[in-house]
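# Fold the following, please.
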Amino acid sequence: MGTIAQRKTKDGVSRYRAVIRIDRDGYPPFSQSKTFSKRALAAAWIKKRESEIEANPDIMLNRDAKSMRLQDVIIKYIDELGDQFGRTHTKGLLLISKLPISAKQISNLRREDYTAFADGRLSGKYDGLSPITPATLNGDMIGLRSVLKQAKLAWGLSVNLAEFEDAMLGLKHSRKVASSKQRNRTPTSDELQSLTTYFYTRFVRHKSYYPMHIIIWLAIYTARRQDELTRLRLADHKDGWWLVRDAKSPQGSIGNHINTKVTDKAVGVINALLDGKMRDTLRRNNKLWDKDLLLPLNSKTISTRFTEACKMLDIDDLHFHDLRHEAATRLSEQGLTVPQMQQVTGHESWSSLQRYVSVSPRKTLLEFDEAMMIAMRSLHDGL
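Model (predicted):
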């Protein structure tokens, strides 16, 4: 229990010194004091501080002196671990580092701080930022949790994780955070044909070295993410399998190399990219040219060009990543089991693919060869 000692200054003003002394097995003797102008304030501080120590006994290891601002902790986290996670995770943390909560010492962060941050993000009260959805907020909070755990467990900083988890419970109870909804958008055959024709026409007429008309089908037949497509090394393609290096993973991408099965349909698209004339085109005016890569291109540019094409063609709400969803859907339509689908997509968990198992096969399905034949005929007729 804490004690309060009253004393008077030279001016005769009463001051109240609150003292906490704790002896606990496994910890060194701990003492802390603070002076207040009123006894009630001293008593309130003792009660609050003892509660904090009860929730986080490591405070008695005198780690408060090693506290840092949340902003500095986030930057340290990104500097040391940023290359292990995706751009979305890193960009979200960089945004948080510029908000008011990040000016505080992490040892002083309490549930009300996390709740205020959450409310501010949901309402869009921060200058220049629009309101976000509960699913987006959930991503922010998951990022914060990762930073706080690293600070406490790896760097020995004083962090009250219980306060954060209590804040999360409150946010979930009030439905201010929510899991992302499963996205089920896939391109129709008409949309795929429109995209193939559009990209092929631009490739021929504008002499572009981005063969988007082939890239979209490579994504569909390999189930690879756009950044993975641009990192595929030719030497890693052996005996019908392709080693995907640093594949995306919740545990971090660095060193997460997975061997994925190359389907027969994918082989045809890969051969189109390995054609001599196509390699010459890929090399032309390409600052990223690397003869050891299948697609020595900028993944962001691939996404940008896909988005621009959808806008030009009035294709609503279709993202490049939806082609991976299309890939899994096609595998399921072929009657593959979840483990067989995993061999192609590289998904770590069965649950990520189980929703595809009951998919009913579509009556008609556009394939690469047919799409290219129609695209070439359309270009010829338009000349």
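# for the chain, which spans come out with low pLDDT?
Along the chain, segments meeting pLDDT under 70 span 1, 10-11, 61-66, 83, 250-252, 357-358, 382-383.
# Okay, and the closest residue to Gln150 other than its chain neighbours sits in which element?
What sits nearest to Gln150 in space, not counting adjacent residues and going by Cβ to Cβ, 6 or more residues apart in numbering, is Tyr77, at 5.6 Å. For glycine as for every other residue, the C-beta is placed from the backbone atoms N, C-alpha and C. Tyr77 belongs to helix 70-81 when assigned by DSSP states H and E.
# Please apply the same query to Asn259.
Per DSSP H and E: strand 258-261 holds Asn259.
# contacting residues around the helix or strand that that strand is followed by?
Counting by DSSP H and E, the next helix or strand C-terminal to strand 258-261 is helix 264-274. Residues outside helix 264-274 that contact it (Cβ atoms under 8 Å, 6 or more residues apart in numbering) are 211, 214, 217-218, 221-222, 237, 262, 278-279, 282, 294-295, 367-369.
# Write a ChimeraX command that selects only the buried members of the residues you listed.
For the buried members of the contacts of helix 264-274, the matching ChimeraX selection, counting by 16 or more other Cβ atoms under 10 Å, is:
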select :211,214,217,218,221,222,237,262,282,294,295,368
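# Among the contacts of helix 264-274, which ones are in strands?
His237 (DSSP state E).
# Closest one to Ala167 out of the contacts of helix 264-274, please.
Distance to Ala167 across those (Cβ to Cβ) is lowest for Thr222, with 41.4 Å.
# thought the closest one was touching Ala327?
Yes: between Thr222 and Ala327 a contact is recorded at 7.2 Å, counting by Cβ atoms under 8 Å.
# what do the two both touch?
Shared contacts of Thr222 and Ala327, counting by Cβ under 8 Å, 6+ apart, come down to Val344.
# So what touches the strand holding Asn259?
222-224, 240-244, 247, 343-346.
# In helices only, show me the contacts of helix 264-274.
Among the contacts of helix 264-274, the residues falling in helices (DSSP state H) are 214, 217-218, 221-222, 278-279, 282, 368-369.
# Can you tell me which of those comes closest to Tyr16?
Thr222 (70.8 Å).
# Output the contacting helices and strands for the lengthiest helix in the chain.
Criterion DSSP H: the longest helix present in the chain is helix 134-153. When contacts are defined as 3 or more Cβ pairs under 8 Å, 6 or more residues apart in numbering; DSSP states H and E, helix 134-153 packs onto helix 70-81, helix 87-96, helix 111-123, helix 161-173.
# quick one: buried residues of it?
Buried, per 16+ other Cβ under 10 Å, within helix 134-153: 134, 136-141, 143-144, 147-148, 150-152.
# tell me which of those is nearest to Pro29?
Lys152 (22.8 Å).
# re earlier: closest one of the ones in helices among the contacts of helix 264-274 to Ile254?
Thr222 (21.6 Å).
# which residues touch that closest one?
229, 242, 260, 262-263, 266, 269, 327, 344.
# now with 10 Å?
Residues near Thr222 by Cβ atoms under 10 Å, 6 or more residues apart in numbering: 228-229, 232, 242, 244, 260-263, 265-266, 269-270, 294, 323-324, 327, 344-346.
# cool, Lys238 as well?
Here Lys238 is in contact with 259, 262 (Cβ under 10 Å, 6+ apart).
# For Asp322, see how far away it is.
30 Å (Cβ to Cβ, to the nearest Å).
# Quick check: the two most widely separated of the contacts of strand 258-261?
Gly240 and Ala247 (18.2 Å).
# quick one: which of these two has more around it?
Between Gly240 and Ala247, counting by other Cβ atoms under 10 Å, Ala247 is the more crowded of the two (20 against 11).
# Test my guess that that one contacts Glu348.
Yes: applying Cβ atoms under 10 Å, one finds Ala247 in contact with Glu348, separated by 9.0 Å.
# what is in contact with these two at once?
By Cβ under 10 Å, 6+ apart, the residues touching both Ala247 and Glu348 are 256, 258.
# so when I look at Ile20, I'm seeing a helix, right?
No: looking at Ile20 with DSSP: H, G, I helix; E, B strand; the rest coil, it is strand, so not inside a helix.
# give me the number of residues near it?
Using other Cβ under 10 Å: Ile20 sits among 18 other residues.
# can you check Asp127 too?
Neighbours of Asp127 (other Cβ under 10 Å): 5.
# Also Asp227?
So Asp227, with other Cβ under 10 Å, has 18 neighbours.
# Same check on Ser180?
11.
# Please report how far Arg49 lies from Trp217.
Applying Cβ to Cβ to Arg49 and Trp217 gives a distance of 63 Å.
# Let me fix that, I meant to ask about Leu148.
To Trp217, Leu148 is 43 Å away according to Cβ to Cβ.
# In this structure Asp227 contacts Arg245, no?
No: using Cβ under 10 Å as the test, Asp227 is too far from Arg245 to be in contact (11.1 Å).
# Residues in contact with both of those two, list them for me.
Residues touching both Asp227 and Arg245 (Cβ under 10 Å, 6+ apart) are Ser253.
# Please parse the chain into its domains.
Annotated domains of the chain cover 3-60, 66-173, 189-382 [automatic domain parsing].
# got those domains as CSV, with distance to Ser179 columns?
Converted to CSV, the domains of the chain look like this (distance: least, Cβ to Cβ, whole Å):
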stretch, distance to Ser179
domain 3-60, 27
domain 66-173, 6
domain 189-382, 13
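# ok, back up a step: got the angle for the helix holding Tyr77 vs helix 111-123?
80 degrees (axes from the mean of the first three to the mean of the last three Cα atoms, to 10 degrees).
# and the angle from helix 70-81 to helix 87-96?
Here helix 70-81 runs at an angle of 150 degrees relative to helix 87-96 (the same axes, to 10 degrees).
# Packing partners of helix 70-81?
Secondary-structure packing of helix 70-81 (3 or more Cβ pairs under 10 Å, 6 or more residues apart in numbering; DSSP states H and E): helix 87-96, helix 134-153.
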